[in-house]
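Peer 1: My questions are about this predicted structure, shown below with the sequence.
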Amino acid sequence: MRWFARKTRRDIWDEAIEAPLGDIDAAERIRAICDAAAPSATHAAQGDKREGERYERAAKVAMEIAMKISDGLMRDDGVHRIVDLCMTADDLKTAQILFRAIHASWIRETIQRDHPTLIS
């Protein structure tokens, strides 16, 4: 009875990457991962353990992709998106660590304006 078999949900961050990503493709993938993981981050902030695990997997994959981006501004923009995701999940510790990795001053200022609790 395949009709009733529960299909496992495949997330974008669980998909294998066949070829090396260029900087633009990597930035697009980080954006897609963060957009797809935002609902999980919201539920993780409310204490949902299963959604918290999904958020953590997504953030980890996004961070791994961001480390491979060679262009500084694209990497900083990707990390900015991951910081926003972490703040949605109330993961202040990870967000602070990632915030320190951003070099572009205007991105740092944007994050400081959007998340003032991150600086304290």
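Peer 2: That came through, no problem. Remember, it's a predicted structure, so these values are computed and weren't measured experimentally.
Peer 1: which residues does the closest residue to Q96 other than its chain neighbours contact?
Peer 2: Counting by CB to CB, 6 or more residues apart in numbering, Q96 lies nearest to L118, which is 6.2 Å off, once chain neighbours are set aside. Heads up, the C-betas are built off the backbone N, CA and C, glycines and all. Residues in contact with L118 (CB atoms under 8 Å, 6 or more residues apart in numbering) are V83, M87, L92, A95, Q96, F99, I111, Q112.
Peer 1: SS state for the last one?
Peer 2: When you say that, I think you mean Q112. Following DSSP: H, G, I helix; E, B strand; the rest coil, Q112 is assigned to helix.
Peer 1: hang on, isn't it packed against I102?
Peer 2: No - using CB atoms under 8 Å, Q112 is not in contact with I102; the gap is 10.4 Å.
Peer 1: In terms of neighbours, single out the busier of these two.
Peer 2: Using other CB atoms under 10 Å, the more surrounded residue of Q112 and I102 is I102, with 20 against 12.
Peer 1: Distance check, the more buried one against G78.
Peer 2: I102 is 10 Å from G78, where distance means CB to CB, to the nearest Å.
Peer 1: export the longest helix along the chain as PDB, just CAs?
Peer 2: When the chain is parsed with DSSP state H, its longest helix is helix 23-45. C-alpha atoms of helix 23-45 as PDB (Å, rounded to 0.1, in the frame of the first residue of the first chain):
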ATOM      1  CA  ASP A  23      30.300  32.200  -5.500                       C
ATOM      2  CA  ILE A  24      26.900  33.300  -7.000                       C
ATOM      3  CA  ASP A  25      25.500  29.800  -6.900                       C
ATOM      4  CA  ALA A  26      26.600  29.400  -3.300                       C
ATOM      5  CA  ALA A  27      25.100  32.700  -2.300                       C
ATOM      6  CA  GLU A  28      21.800  31.700  -3.900                       C
ATOM      7  CA  ARG A  29      21.900  28.400  -2.100                       C
ATOM      8  CA  ILE A  30      22.400  30.100   1.200                       C
ATOM      9  CA  ARG A  31      19.500  32.400   0.500                       C
ATOM     10  CA  ALA A  32      17.300  29.400  -0.400                       C
ATOM     11  CA  ILE A  33      18.300  27.500   2.700                       C
ATOM     12  CA  CYS A  34      17.700  30.400   5.000                       C
ATOM     13  CA  ASP A  35      14.300  31.100   3.500                       C
ATOM     14  CA  ALA A  36      13.300  27.400   3.700                       C
ATOM     15  CA  ALA A  37      14.500  27.100   7.300                       C
ATOM     16  CA  ALA A  38      12.900  30.300   8.600                       C
ATOM     17  CA  PRO A  39       9.700  28.500   9.800                       C
ATOM     18  CA  SER A  40      11.700  25.900  11.600                       C
ATOM     19  CA  ALA A  41      13.800  28.600  13.300                       C
ATOM     20  CA  THR A  42      10.500  30.200  14.500                       C
ATOM     21  CA  HIS A  43       9.300  27.000  15.900                       C
ATOM     22  CA  ALA A  44      12.700  26.300  17.400                       C
ATOM     23  CA  ALA A  45      12.500  29.600  19.300                       C
END
